[in-house]
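# Here is a sequence together with a model predicted from it:
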Amino acid sequence: MRNEILNHLDDPKQLEKLYQDNKTSFKAEFNLIFQEHNENKLLQYWDERLNYQGSEISWGSKKEFIFVLVLSLIAGCLASIPSFFKIDSEFFYTRNISLIIFSILATYFCWKNRLPKKKIIITGVIFLITLIFINLLPANNNSNTLILSLFHIPIFLWTVVGFSYVGNSLNDNRKRIEFLRYNGELLIMSGLILITGAVLTAITIGLFTVIGFDINEFYFKHVVIFCLPIIPILGTFLTQTNPQLVNKVSPVIAKIFSPLVLITVVVYLIAILFSGKNLYNDRDFLMLFNGLLIGVIAIILFSVSTTTNQNISQVSGIILFALSVVTVIVSCMALSAILFRISTLGITPNRLAVVGANLLMLTNLFWISFQLFKTVLKKSDISSVENAIASFIPFYILWTIIVGFFFPLLFNFR
């Protein structure tokens with residue numbers, strides 16, 4: 001798409017055709033190109049057309065709105081299956097709720113990006129295989145591999161949504177970063193919708209309680225359960241049709257919290273020295289810092305996500321570099337604790353999964369730190385930092401597949 005736009009900078013008809021063929025991809029590539037060719041009058045017009053931030057909320061085209069409405073109804077009906085059939089709700093939701101949500105999102109992006117039939121079929125087959133596999137796993141709540149599968153398979157399904165999002169640009173790091181940004185925006189939008197829904201729920205139940213009707217059980221069983229899986233698709237629709245709503249929020253939040261998280265981690269490091277606690281026998285410590293690794297990578301991504309062609313400020317670069325280095329130090333301690341537990345207590349599915357994820361994220365964070373160091377030292381652009389994050393996505397996908405699908409077989413479902 002980028003090369004096609006560059007080859008037709010002065011051809012209004014061809015630019016319109018490219019836009020109509022794939023609006024999402026066109027806008028993403030155009031915004032990057034416009035920063036290099038902002039003197040072009042035709043491109044100035046396109047910039048206003050694509051990025052004009054009006055005060056009204058856009059509901060997209062009629063066709064798209066109807067499609068999203070149908071997907072929402074399907075998601076709600078699928079989530080309500082235990083309410084209408086004699087199916088154990090805990091069994092159903094722990095195994096299938098992520099399938100419902102992510103299959104609906106993948107369907108939306110397959111349709112929106114007009115993916116070729118071959119890729120649509122591949123996406124559908126992946127969800128079908130996952131559906132069969134996860135529901136055939138033995139129902140043993142004491143099985144470590146079952147818990148690991150139920151945790152890692154949703155992450156894998158999330159990457160399948162990413163496959164449908166990037167469309168025909170599977171190896172394009174910029175599209176991968178765009179997908180990660182979309183997730184930050186979706187998280188914010190979904191949070192707002194969830195808060196609004198919670199307030200409406202409280203008011204509704206309160207009003208009926210006043211007149212003597214106890215609707216708690218009915219409301220949660222039939223209304224809340226129906227509406228919850230609709231939130232991600234509604235949030236996605238709003239962020240895609242109204243990017244101005246939240247696309248400036250996530251970088252701001254990340255830049256506010258990056259120095260706060262840095263201070264917290266440094267203080268925690270100092271506190272560890274005086275605590276006298278044996279962290280090598282604390283499982284919660286090990287799990288906590290895998291979460292910290294994910295959080296820090298997310299903060300770095302959204303802190304540099306305002307643009308890919310501008311230099312990051314010196315202060316922001318130093319803060320992010322310091323944060324990444326401190327987190328690496330703490331996480332190395334966590335990794336050494338995991339290896340200590342393996343050497344003394346032996347290998348278990350949980351320990352192997354944690355050490356693999358920790359090694360992968362640590363390697364990624366090392367590479368991110370190196371790129372941040374070069375960015376701060378040479379005052380270069382920040383695209384290398386984003387590439388350091390995007391280039392590791394295939395490795396994360398591979399690890400989720402190994403843990404989610406192969407661990408139960410390798411460890412005989414124990």
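Cool, the structure landed.

# Got the domain ranges for this structure?
62-241, 249-410 (automatic domain parsing).

# who wins for proximity to residue 36 among the ones you listed?
With distances scored as C-beta to C-beta, the stretch of the domains of the chain nearest to residue 36 is domain 249-410 (7.4 Å). In short, each C-beta sits where N, CA and C put it, glycine included.

# in the stretch 51-200 of the chain, which segments are predicted with low confidence?
Flagging of the stretch 51-200 of the chain using pLDDT under 70 yields the residue ranges 51-58, 60.

# follow-up on the earlier one: reformat the domains of the chain as CSV; add mean neighbour count.
Listed next are the domains of the chain as CSV, based on neighbours: other C-beta atoms under 10 Å:
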stretch, mean neighbour count
domain 62-241, 17
domain 249-410, 17
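
# Same list as before, those domains that is, but in CSV and with distance to residue 8 included.
Compiled in CSV, the domains of the chain are given as follows (distance: least, C-beta to C-beta, whole Å):
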stretch, distance to residue 8
domain 62-241, 19
domain 249-410, 21
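
# For residue 38, find the nearest of the ones you listed.
Of all these, domain 249-410 comes closest under C-beta to C-beta, at 11.2 Å.

# and that closest one, how far from the chain's centre?
16 Å (C-alpha atoms, centre = their mean, to the nearest Å).

# And residue 245, its phi and psi?
The phi/psi pair for residue 245 (degrees, to the nearest 10) reads phi -70, psi -40.

# count of neighbours near it?
Neighbour count for residue 245, taken as other C-beta atoms under 10 Å: 18.

# what residues are up against it?
57, 185, 189, 238-239 (C-beta atoms under 8 Å, 6 or more residues apart in numbering).

# circling back to that earlier point, which one, of the domains of the chain, ends up nearest to residue 33?
Of the domains of the chain, the one closest to residue 33 (C-beta to C-beta) turns out to be domain 249-410, at 9.8 Å.

# and that closest one, how far apart are its ends?
End-to-end distance for domain 249-410, by C-alpha to C-alpha, to the nearest Å: 44 Å.

# pLDDT averaged over that domain - what is it?
Here domain 249-410 scores 79 as its mean pLDDT.

# List the backbone torsions phi and psi for the nearest residue to residue 293 once chain neighbours are set aside.
In space, and not counting its chain neighbours, residue 293 is closest to residue 361: 4.1 Å by C-beta to C-beta, 6 or more residues apart in numbering. Backbone torsions for residue 361, taken as degrees, to the nearest 10, come to phi -70, psi -30.

# Surely residue 355 and residue 335 touch.
Yes. Here residue 355 reaches residue 335: they are 7.0 Å apart, a contact under C-beta atoms under 8 Å.

# ranges for the helices of the stretch 301-414 of the chain?
Secondary structure of the stretch 301-414 of the chain, counting by DSSP state H, counting those that start in this stretch: helices at 314-345, 349-378, 383-390, 393-401, 407-410.

# Any chance of JSON lines for those, columns distance to residue 199?
Shown next, in JSON lines, are the helices of the stretch 301-414 of the chain (distance: least, C-beta to C-beta, whole Å):
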{"stretch": "helix 314-345", "distance to residue 199": "35"}
{"stretch": "helix 349-378", "distance to residue 199": "37"}
{"stretch": "helix 383-390", "distance to residue 199": "35"}
{"stretch": "helix 393-401", "distance to residue 199": "35"}
{"stretch": "helix 407-410", "distance to residue 199": "41"}
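
# closest to residue 21 out of these?
Closest approach to residue 21 among the helices of the stretch 301-414 of the chain (C-beta to C-beta): helix 383-390, 24.4 Å.

# Show me what the closest one is packed up against.
helix 173-210, helix 283-303, helix 349-378 (3 or more C-beta pairs under 8 Å, 6 or more residues apart in numbering; DSSP states H and E).

# just checking, what packs against the last one?
For helix 349-378, the helices and strands in contact under the criterion 3+ C-beta pairs under 8 Å, 6+ apart are helix 144-166, helix 283-303, helix 314-345, helix 383-390, helix 393-401, helix 407-410.

# Would you mark the buried spots in stretch 36-54?
Using 16 or more other C-beta atoms under 10 Å as the test for burial, stretch 36-54 gives 43, 46-47, 50.

# Widest-spaced pair of those?
43 and 50 (10.1 Å).

# Give me the contacts around stretch 107-126.
With C-beta under 8 Å, 6+ apart, stretch 107-126 has contacts from 21-22, 24-25, 64, 67-68, 71, 106, 160-161, 163-165, 167-168, 233, 236-237, 240.

# again, only this time at 6 Å
The contact list for stretch 107-126, computed with C-beta atoms under 6 Å, 6 or more residues apart in numbering, reads 106, 160, 164-165, 167.

# With distance to residue 303 as extra columns, can I get these in CSV?
Shown next, in CSV, are these (distance: C-beta to C-beta, whole Å):
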residue, distance to residue 303
106, 28
160, 27
164, 27
165, 22
167, 27
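
# And these, which is closest to residue 257?
Nearest member of the contacts of stretch 107-126 to residue 257, counting by C-beta to C-beta, is residue 165, at 25.5 Å.

# residue contacts, the closest one?
109, 179.

# what do you get for residue 134?
Shown in contact with residue 134 (C-beta under 6 Å, 6+ apart): 95, 153.

# cool, and the one 5 residues further on?
The neighbours of residue 139, taking C-beta under 6 Å, 6+ apart as the test, come to nothing; the list is empty.
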